[in-house]
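Enquirer: Provide a 3D model corresponding to the input given below.
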Amino acid sequence: MFPERPPGDQELFLGYIPHSGFHNQRIELQNALRLAAYLNRTLLLPPLFSYAKVMRIGWRPPLGLLTGWGQLTREHSQSCRNLDPTQLAPTARDCAVYHSWTLTPWTYVFDVPKAIQGVVGISGQTEPIRVFDRPNVTIAWMAEHLGITDMDKEVYWINGTSQYDFEILDDSEADCSLHFEARLNPKISREYSQGLLLSDLKARPERVIHFGTLFGSDRVKASTQAHLELQQYIDSSLDIWNQEILDATALAEAQIEKWRVLTARAAPGFLGAHFRVDDGAFKDNVEKNLELLALWLRNTTNLDQEALTKITSPIQQPAPAQAQLLPNTAESQEQEPSTFLYRRMGQPPESQEQEPPTFLDRCLGQPPESPLVYLATDVHHPRLSPVFIDFLNEFPCAMVLSDFPESVRLLDGVRNTVDNVHMSPFLIALLDANLAAHGRRFHGTGKSTFSRYISKTLLPHYHPPLSFL
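Expert: Numbering: from 1, shown residues only. Model prediction:
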């Protein structure tokens, strides 16, 4: 959270409307930070919206998005504040809704001040990116806090009619013929229907340039070396700094090292992986993606074996961390869990009569070369799921989040100090990602924003290439 202040007399702003899941909102934030720097405008920084399915604000035309944000109110439900959401009566619908969403500043998860200050000196950037806290994503808030009286004249609205309506083309260098061609020929872009030139946006005189959506890792193009470096910096700067997540990760990592020694694994450390199943193309490609993960583990195990046999000196440097991600040609919107897993299983996990084997039950006594791998996944109860039966039989030293109840319990008591909502349901996926990123090598699921975040931001943060020189 940044200190409250009045807007400057000549200050120009950039706004957007967040939507969908955590990683979609993160990508929008990254694009907005870049545009604020490119256009020399102050970013109207919205909060992070964490939610359960009942409160989801998915993409829709801007008026619908603004309506969804306008409905986020605690006005008539303060009596729910101190109730335990796990103990609510079925009739207490208002209180169930109260505890199904929360707003936090982005600084709750990321070191945003470091990111906006750290751009100074990168590719000629002489000033930090300016931000202005926007806790309420409504038109009324802009009128009250920015002093805007005419929303049509003082705000330049970029309201797409579809989620991928426009991309922003970087024509900041002299040769921009391709950009003009893209603007005149919508079909030149594989994904977006029209192109907006950065130079046109720079020339806009309105007090606020306001986007309906900024989702899409490739929506804001970077063509110059300076803009590419700025993009790389911003994308890599949003590593996790929430202390509860860091503490829970450290506790789990210490347990993994104990297990590695106890089970006599031959290779150092552990491997990280993310396997996405739920919704869309992911559930249609479960078997294919799981076989690709298994193939990666087999190949990595062979490479480890070759490396171990070649060791001739105890001071030999380890190999740099590596990430493998399936082709990310198009990102997927994050969706809430469906009934897909239960359909595959035939019945919910609660009806299972037998407890699944624990990690140690499976891993103790296995050959030393059997890989130790942490698997982040959206599969509920993965040790019970038929999705992983063959996988766990081939890789018995695979670990999942449920193997670390102490780490999960560290998050159980965390509440948002503003509304007293339990944060654990919203933080647990970040713990999953952070732990997978501590692996010395990583394999993700193609088109997953979750996998991309691990491979492009977290893994390089924990395993910077320079540390191996």
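
Enquirer: Not counting sequence-adjacent ones, nearest residue to residue 163?
Expert: In space, and not counting its chain neighbours, residue 163 is closest to residue 59: 4.6 Å by C-beta to C-beta, 6 or more residues apart in numbering. Every C-beta, even on glycine, is put in place using the N, C-alpha and C of the backbone.

Enquirer: Show the contacting residues for the one you found.
Expert: 19-20, 65, 163, 213, 215, 333 (C-beta atoms under 8 Å, 6 or more residues apart in numbering).

Enquirer: three-state assignment of it?
Expert: Reduced to three states with DSSP: H, G, I helix; E, B strand; the rest coil, the structure at residue 59 is coil.

Enquirer: ok, residue 210 - contacts?
Expert: 14-16, 155-158.

Enquirer: Disregarding residues adjacent in the polypeptide, which is nearest to it?
Expert: Nearest in space to residue 210, with sequence neighbours left out and distances taken as C-beta to C-beta, 6+ apart, is residue 15 at 4.3 Å.

Enquirer: Contacts for whatever helix or strand that neighbour lives in next, please.
Expert: Assigned by DSSP states H and E, residue 15 belongs to strand 13-16. With C-beta under 8 Å, 6+ apart as the test, strand 13-16 has contacts from 7, 28, 32, 35-36, 39, 41-44, 46, 132, 134, 142, 146, 207-214.

Enquirer: before we move on, back to that, ok, the contacts of residue 210 vs residue 255, which is closest?
Expert: residue 16 (40.6 Å; C-beta to C-beta).

Enquirer: mind checking how far the closest one is from residue 214?
Expert: Per C-beta to C-beta, to the nearest Å, residue 16 is found 5 Å from residue 214.

Enquirer: Give me the common contacts of the two.
Expert: What both residue 16 and residue 214 touch, as defined by C-beta under 8 Å, 6+ apart, is the set 28, 32.

Enquirer: Just the C-alpha atoms of stretch 131-144, please, in CSV.
Expert: Taking C-alpha atoms only, stretch 131-144 is exported to CSV below (Å, rounded to 0.1, in the frame of the first residue of the first chain):
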residue,chain,number,x,y,z
VAL,A,131,1.6,4.8,-8.8
PHE,A,132,-1.5,6.1,-7.2
ASP,A,133,-3.5,3.7,-4.9
ARG,A,134,-6.9,2.9,-6.3
PRO,A,135,-8.7,0.7,-3.7
ASN,A,136,-12.0,1.0,-5.5
VAL,A,137,-12.2,0.2,-9.2
THR,A,138,-15.3,2.4,-10.0
ILE,A,139,-16.1,5.5,-12.0
ALA,A,140,-17.3,7.2,-8.8
TRP,A,141,-13.9,6.7,-7.2
MET,A,142,-12.2,8.5,-10.1
ALA,A,143,-14.6,11.4,-9.9
GLU,A,144,-14.1,11.8,-6.2
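
Enquirer: where does residue 49 fall, helix, sheet strand or coil?
Expert: Three-state call for residue 49 (three-state DSSP): strand.

Enquirer: show me what contacts it?
Expert: Here residue 49 is in contact with 18, 25, 57, 72, 101, 103 (criterion: C-beta under 8 Å, 6+ apart).

Enquirer: could you dump those to CSV with distance to residue 121 and neighbour count?
Expert: What follows is these, written out as CSV (distance: C-beta to C-beta, whole Å; neighbours: other C-beta atoms under 10 Å):
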residue, distance to residue 121, neighbour count
18, 29, 21
25, 28, 22
57, 37, 21
72, 38, 17
101, 39, 19
103, 33, 21
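
Enquirer: Run through who's touching whichever helix or strand residue 406 is part of.
Expert: If you go by DSSP H and E, residue 406 is part of helix 405-412. Under the criterion C-beta under 8 Å, 6+ apart, residues 244-245, 247-249, 251-252, 255, 401-402, 422-424, 427-428, 431, 435 lie in contact with helix 405-412.

Enquirer: Apply 6 Å and report the result again.
Expert: Residues from elsewhere that reach helix 405-412 (C-beta atoms under 6 Å, 6 or more residues apart in numbering): 244, 247-248, 251-252, 424, 427.

Enquirer: so which of those residues comes closest to residue 455?
Expert: Residue 455 has its nearest neighbour among the contacts of helix 405-412 in residue 252, at 19.7 Å by C-beta to C-beta.

Enquirer: And the host helix or strand of residue 257, how far out from the chain middle?
Expert: Using DSSP H and E, residue 257 falls within helix 243-262. Offset of helix 243-262 from its chain centre (C-alpha atoms, centre = their mean, to the nearest Å): 22 Å.

Enquirer: and if you look at stretch 90-98?
Expert: Counting by C-alpha atoms, centre = their mean, stretch 90-98 comes out at 28 Å from the chain centroid.

Enquirer: Kindly check the end-to-end length of stretch 123-137 for me.
Expert: 32 Å (C-alpha to C-alpha, to the nearest Å).

Enquirer: Going by neighbour count, list what's buried in that stretch.
Expert: If you call a residue buried by 16 or more other C-beta atoms under 10 Å, then stretch 123-137 has these buried ones: 123, 125, 129-134, 136-137.

Enquirer: Equivalent analysis for stretch 404-424, please.
Expert: Here stretch 404-424 shows 404, 407-408, 410-411, 414, 419, 421-424 as buried, counting by 16+ other C-beta under 10 Å.

Enquirer: one step back: taking the contacts of residue 210, please make a ChimeraX selection of just the buried ones.
Expert: Here is the ChimeraX selection string for the buried members of the contacts of residue 210, based on 16+ other C-beta under 10 Å:
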select :14,15,16,155,158
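
Enquirer: nearest to residue 358, of the contacts of residue 210?
Expert: Taking C-beta to C-beta as the measure, residue 358 lies nearest residue 16 of the contacts of residue 210, at 45.8 Å.

Enquirer: where exactly do the helices run in the stretch 101-250 of the chain?
Expert: Listed in chain order, the helices of the stretch 101-250 of the chain (DSSP state H, counting those that start in this stretch) span 112-117, 139-146, 151-154, 177-184, 198-202, 225-237, 243-262.

Enquirer: Tell me which other helices or strands the longest one touches.
Expert: The contact analysis (3 or more C-beta pairs under 6 Å, 6 or more residues apart in numbering; DSSP states H and E) places helix 243-262 against helix 405-412, helix 424-437.

Enquirer: so where's the stretch 51-200 of the chain uncertain?
Expert: 174-190 (pLDDT under 70).
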